[in-house]
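In: need a 3D model of the sequence below.
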Amino acid sequence: MNLDLCPGCGRPVLGIGGQFSMLDSYYTSYLPEASRDANLFGCWHAACFHKEPLRGNWQQAILSNYTEVRGYEVVAELDSGVVLFLPQHGERVVVSPDAVVLDLSFDGGIQRRVPGGVVCRTLPSECSLQLDDEAVVARLQEQLRTQKKVPLMQIFELLGTADCVLHPEALTDSYFVWHKGLARLWEKQWVTANLDYGVFVPEELEPYLTRRKPRA
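Out: Predicted coordinates:
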């Protein structure tokens with residue numbers, strides 16, 4: 001992925017579950033006139049968008065799009081967000097007050113409990129990072145070659161965004177993991193590996209967790 005820059009702080013956004021808010025322009029029709037600021041469009045650090053006074057309008061706009069266009073049904077309205085359900089696929093997502101849309105289907109299930117919630121595990125998936133800083137890319141590639149993994153928090157630190165991470169306790173054993181086949185794709189500004197990480201889920205959302213069903 002070519003990392004987007006957060007409209008709030010101007011720094012790169014690593015778009016992993018629970019850590020970003022995507023404000024797409026197609027939500028505009030659901031927004032009050034006062035909230036239709038093009039400067040807000042884009043991918044935000046969730047921690048940055050938390051400070052945005054119009055965030056509640058964006059949560060409602062996303063909810064309207066999911067229910068009116070995509071066919072999701074409201075299951076529960078909680079402090080952590082509004083839980084939605086897509087009947088034909090059995091999928092559940094939650095839209096948080098900070099406009100974070102989080103899929104509540106985790107193939108890896110619950111990994112452990114932490115204060116205030118649980119850490120759920122994603123299955124490793126391919127992830128590519130395109131960075132202008134060739135020295136940073138070279139450092140990541142060398143660490144993957146020699147140590148076979150890079151702590152995800154280290155990548156946030158290299159990007160200068162460690163202070164934007166929500167619930168860092170969920171990422172203590174999350175990694176960018178070496179894969180021989182993916183390493184063949186590397187270039188001076190490009191590194192590809194498997195991403196294996198945990199996602200914090202608030203305690204009140206635990207009853208709504210599910211495992212992903214394959215689509216026909």
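In: quick check: end-to-end length of stretch 144-156?
Out: 16 Å (CA to CA, to the nearest Å).
In: pull out the buried residues from the helix or strand encompassing T192.
Out: Per DSSP states H and E: T192 is located in strand 190-196. Using 16 or more other CB atoms under 10 Å as the test for burial, strand 190-196 gives V191, T192, A193, N194, L195, D196. For the C-beta atoms, the positions are set from N, CA and C on the backbone; glycine is no exception.
In: same check, this time on stretch 168-187
Out: Those would be A170, L171, S174, Y175, F176, V177, W178, L182, W186, for stretch 168-187 by 16+ other CB under 10 Å.
In: if we can go back for a sec, now, among the buried residues of strand 190-196, which is nearest to D132?
Out: For these, the minimum distance to D132 (CB to CB) is 12.7 Å, reached by V191.
In: bridged to the closest one, which residues?
Out: L129 (DSSP bridges).
In: from Q141, how far out is it?
Out: Separation of V191 from Q141 (CB to CB, to the nearest Å): 5 Å.
In: also Y27?
Out: According to CB to CB, Y27 and Q141 sit 37 Å apart.
In: T161 too?
Out: From T161 to Q141 the distance is 20 Å (CB to CB).
In: with F156 instead?
Out: The value you get for F156 to Q141, if CB to CB is used, is 18 Å.
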